[in-house]
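In: quick one, what's the 3D model for this:
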Amino acid sequence: MRWEVEDRYGNHIYMTSERWQHALEKRPWLAGFLDEALTTMRRGRRQQDPLNSRKYKYYWPCSALLPEYNHLIVVVLFGQRGENGATVPNNYVTNVWAAYLYNQR
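Out: Model prediction:
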């Protein structure tokens, strides 16, 4: 199973059930937050990883996570290396977690 969304920048992203289960293995308390993770990809702001230009973190506020956390974070990798070394379009989720961002409420 997989879920597909379009982010606010027009990019198509997918998350497989395997990646969602991976996130839940490490963070079982996220079990009820699948819809919020999909919303994070659809509507969240994103930040490019400084060491990997193909990796972005999407952030979205989630008050249901309070008091420990206030944002969901979804990591998306844009493209993968093809056989000839060129980047092939394949926008997929690698991980999901939550954090408390102090300058964001």
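In: how about the nearest residue to R54, chain neighbours excluded?
Out: Nearest residue to R54, sequence neighbours excluded (CB to CB, 6 or more residues apart in numbering): F78, at 4.8 Å. In this view, the C-beta of every residue, glycine as well, is placed from N, C-alpha and C.
In: for the chain, what spans make up the strands?
Out: 2-6, 12-16, 45-48, 55-61, 71-81, 87-99 (DSSP state E).
In: okay if I get these as CSV plus mean pLDDT and distance to H22?
Out: As requested, those are exported to CSV (pLDDT from 0 to 100; distance: least, CB to CB, whole Å):
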stretch, mean pLDDT, distance to H22
strand 2-6, 97, 13
strand 12-16, 97, 9
strand 45-48, 97, 20
strand 55-61, 97, 16
strand 71-81, 92, 11
strand 87-99, 91, 7
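In: mind checking which of those is nearest E36?
Out: Set against E36 and scored by CB to CB, these come closest in strand 71-81, at 5.5 Å.
In: need the nearest residue in space to R2, chain neighbours excluded.
Out: R2 sits nearest to T16 (CB to CB, 6+ apart), 4.6 Å away.
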